[in-house]
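Enquirer: Pasting the sequence and the predicted model now:
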Amino acid sequence: MGSGKTTVGRRLAARLRCPFVDADAEIEAAASMPISEIFERFGEPHFRDGERRVIARLMDSGPRVIATGGGAFVDPETRGLILAKGTAIWLDADIDTLVARVGKRSHRPLLVGKDPKQVLTDLMAVRRPAYAEAPIRIVSASGPHDVTVEAIVQALKQLDPRSTRNGKP
C-alpha cells in the first residue's frame with residue numbers, strides 16, 4: 001500500500017510494450033462493487049478468496065504487467081501462483097514514504113479510522129517475509145517513478161537477459 005504499484009506498473013507496461021492490469025480494478029469489476037464495500041460487507045477472507053481467483057485468471061491471460069494489492073502476495077496460494085507463472089517484483093519503500101503516499105487518498109479499507117503509520121508498520125512486519133520471496137526487490141523512493149521503472153528493467157535483464165528482448169518480460 002503506497003509503494004507505487006499502479007503508477008510504476010503502468011509505466012513499466014508501456015516501457016515493455018505489453019498490457020497493464022490493476023488486479024484491484026479487476027476485482028471491483030468482477031464483484032460489481034468497490035473493494036472497501038467488499039471488506040465492509042463480507043470481510044477480508046472473502047475479499048482474499050476473490051482476489052486469488054481474479055489473479056489466477058489474469059496470470060493465465062498472457063504476458064502483462066499486473067499490479068496486485070499489498071496483501072495478495074502474502075496468501076501462500078496466490079504467492080505460489082505468481083512465482084510459478086510470472087516474475088514477482090517487490091516495490092519496497094520505507095514506512096515514512098508509504099505514510100506520505102497513502103495520506104493523499106482515502107479509499108484504503110485497512111486504514112479506515114486507524115493510524116496509518118502504525119497500520120503500515122504492523123503490515124510490513126507481517127508481510128516482509130512473504131515479500132522477500134520475490135525474485136526482484138526494488139526500492140521505491142520518493143523520486144521520479146521512471147527511476148523505479150528503469151531499475152526494474154535492469155533487474156529483469158539481470159534475472160534473464162532475454163526477458164526484455166522485444167520489450168516482452
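Expert: Nice, thanks for sending it over.

Enquirer: what about the chain, any weak spots by pLDDT?
Expert: Within the chain, the stretches with pLDDT under 70 are 2, 103-112, 160-169.

Enquirer: 80 - rerun?
Expert: 1-4, 98-114, 140-143, 159-169 (pLDDT under 80).

Enquirer: how about the helices in it?
Expert: Assigned by DSSP state H, the helices in the chain fall at 5-16, 23-31, 35-42, 44-59, 76-85, 95-102, 116-131, 145-159.

Enquirer: Make TSV out of the ones you listed and add distance to Ala67.
Expert: C-beta coordinates here come from the backbone N, C-alpha and C atoms, glycine included. Converted to TSV, the helices of the chain look like this (distance: least, Cβ to Cβ, whole Å):
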stretch	distance to Ala67
helix 5-16	4
helix 23-31	6
helix 35-42	13
helix 44-59	10
helix 76-85	12
helix 95-102	14
helix 116-131	14
helix 145-159	12
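
Enquirer: closest one to Gly69 among the ones you listed?
Expert: Among these, helix 23-31 comes nearest to Gly69, with 5.3 Å by Cβ to Cβ.

Enquirer: The residue lying closest to Asp96 once chain neighbours are set aside: what's it in contact with?
Expert: Nearest residue to Asp96 in three dimensions, chain neighbours excluded: Lys117, at 7.9 Å (Cβ to Cβ, 6 or more residues apart in numbering). Neighbouring residues of Lys117 by Cβ atoms under 8 Å, 6 or more residues apart in numbering: 95-96, 99.

Enquirer: returning to that earlier point: the helices of the chain: which one's closest to Val65?
Expert: Counting by Cβ to Cβ, Val65 lies closest to helix 5-16 out of the helices of the chain; the figure is 4.0 Å.

Enquirer: re earlier: any idea how far Pro129 is from the residue nearest to Asp96?
Expert: Between Lys117 and Pro129 the computed distance is 21 Å (Cβ to Cβ, to the nearest Å).

Enquirer: same question, Asp96
Expert: Counting by Cβ to Cβ, the separation of Asp96 from Pro129 is 22 Å.

Enquirer: Kindly report the same for Thr97.
Expert: Remark: distance between Thr97 and Pro129 (Cβ to Cβ) = 21 Å.

Enquirer: between the two, who's got more neighbours?
Expert: Taking Thr97 and Pro129 together and counting by other Cβ atoms under 10 Å, Thr97 has the greater number of neighbours (18 against 9).

Enquirer: which one is the most centrally placed residue in the chain nearest to, not counting chain neighbours?
Expert: What sits nearest the mean C-alpha location of the chain, by Cα atoms, centre = their mean, is Thr68, with 3.5 Å. Closest residue to Thr68 apart from its sequence neighbours, by Cβ to Cβ, 6+ apart: Ala23 at 4.6 Å.
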